[in-house]
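K.L.:
return a 3D structure for these sequence lines:
(chains A, B, C and D)
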There are 2 protein chains.
Amino acid sequence: MWLCIDLCQIRDMSKHELPIIDAGVPDAACCAPLACEPLSESEAVELAPLFKAIADPVRLRLLSLIACHEGGETCVCDLTAAFDLTPPTISHHLKVLKQAGLIDSERRGTWVYYWIKPEVLARMSALIGPASPALAGTA
Amino acid sequence: MWLCIDLCQIRDMSKHELPIIDAGVPDAACCAPLACEPLSESEAVELAPLFKAIADPVRLRLLSLIACHEGGETCVCDLTAAFDLTPPTISHHLKVLKQAGLIDSERRGTWVYYWIKPEVLARMSALIGPASPALAGTA
DNA sequence: CCATTGCTTAGAAGTTCATCGAAGCAAGCA
DNA sequence: TGCTTGCTTCGATGAACTTCTAAGCAATGG
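P.N.:
Residues are numbered from 1 along each chain as shown, chains lettered A, B, ... in the order given. This is a model prediction of the structure:
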């Protein structure tokens, strides 16, 4: 049995009001952070590419730029402008992020828009974070 | 002002005893998750190697094995036995993790023991996780 | 229909990385 | 002292990665 806490809310709350979001039995993907039980080889093979996708300064910044953009989505032209790299290079990095499942995109008229998939990032965060399964229930 | 909470302790504590570890003003590296404001280039350059260190199936499993081991530390011989790889390869991966600051080691007699540095993992988790500043105060 | 702009794909060059075998060092033991 | 075990360092090899230029495709506008 786990005490699952929504960390998003903690800082805005009295310390006497911690919410119990999920007190059920965890399933494999949900409540097994790195430190609870050893990762199987297949799990590691599945998870490592997610971290590899963000293991690059350009892609980390791209992800951050997309995540921060108001409206939740960003045009490629805005992203390209933020770097000292050619458009093909930015396009390559966006493709890596998209193939990892961290972002998604859509063409609307002339421009292509990208947005992040927060549930995947939340899963990664929960995996390496302290033994709190909060927010790891998706994907 | 941020209320930074040591999540490692929460599950073992009454919910009326949350420790306030740091209520000071955050410095740049502390409380700015990916989605709050765009990562600067220097921040990205500093953070990407941390994710690169765990962006490998072998290193993910090594980290998990070390984190799970009772007593909090693991002998290299136990780690090597868990993989189908030669000792030099395991040693190489441990070195990568150590140089990234994710683990530390000490020789005691014949054996070398490794243990994880949870505050670094917590910082990484907080960076990519939902907009909660908890636990990002170290490193 | 052709020209322009926005973005992606293709292909190549240089670099980094994972892995191994061989060799080295450190500690314990005969 | 010399042998054995545990782990690391060294050096090499083949694969993967980042970046670029050139070329291609999609949409808009004259």
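K.L.:
stretch A:96-113 near DNA strand D anywhere?
P.N.:
Yes. Interface with DNA strand D: stretch A:96-113 contributes A:96, A:107, A:109-110 (Cβ under 7 Å from any atom of the strand). From N, CA and C alone the C-beta is placed, and that goes for glycine too.
K.L.:
centroid-nearest residue for chain A?
P.N.:
A:Leu121 (1.3 Å; Cα atoms, centre = their mean).
K.L.:
can you lay out the residues of stretch A:96-113 next to DNA strand D as JSON lines showing neighbour count, distance to A:Ala67 and secondary structure?
P.N.:
Shown next, in JSON lines, are those (neighbours: other Cβ atoms under 10 Å in any protein chain shown; distance: Cβ to Cβ, whole Å; DSSP: H, G, I helix; E, B strand; the rest coil):
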{"residue": "A:Val96", "neighbour count": "19", "distance to A:Ala67": "16", "secondary structure": "helix"}
{"residue": "A:Arg107", "neighbour count": "9", "distance to A:Ala67": "21", "secondary structure": "strand"}
{"residue": "A:Gly109", "neighbour count": "5", "distance to A:Ala67": "23", "secondary structure": "coil"}
{"residue": "A:Thr110", "neighbour count": "7", "distance to A:Ala67": "24", "secondary structure": "coil"}
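K.L.:
now those as CSV including pLDDT?
P.N.:
Shown next, in CSV, are the residues of stretch A:96-113 next to DNA strand D (pLDDT from 0 to 100):
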residue, pLDDT
A:Val96, 98
A:Arg107, 97
A:Gly109, 95
A:Thr110, 96
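K.L.:
just the residues you listed that are near DNA strand C?
P.N.:
Of the residues in these, proximity to DNA strand C by Cβ under 7 Å from any atom of the strand holds for A:Thr110.
K.L.:
show me which pair in the residues of stretch A:96-113 next to DNA strand D is furthest apart.
P.N.:
A:Val96 and A:Gly109 (25.1 Å; Cβ to Cβ).
K.L.:
need the residues of stretch A:96-113 next to DNA strand D in TSV (columns: distance to B:Phe51).
P.N.:
Formatted as TSV, the residues of stretch A:96-113 next to DNA strand D follow (distance: Cβ to Cβ, whole Å):
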residue	distance to B:Phe51
A:Val96	13
A:Arg107	29
A:Gly109	35
A:Thr110	34
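K.L.:
which one of the residues of stretch A:96-113 next to DNA strand D is nearest to B:Ser91?
P.N.:
Distance to B:Ser91 across the residues of stretch A:96-113 next to DNA strand D (Cβ to Cβ) is lowest for A:Val96, with 29.4 Å.
K.L.:
nearest to B:Cys75 among the residues of stretch A:96-113 next to DNA strand D?
P.N.:
Among the residues of stretch A:96-113 next to DNA strand D, and counting by Cβ to Cβ, the member closest to B:Cys75 is A:Val96, at 36.7 Å.
K.L.:
for the closest one, which non-adjacent residue is closest in space?
P.N.:
A:Ala53 (5.7 Å; Cβ to Cβ, 6 or more residues apart in numbering or on different chains).
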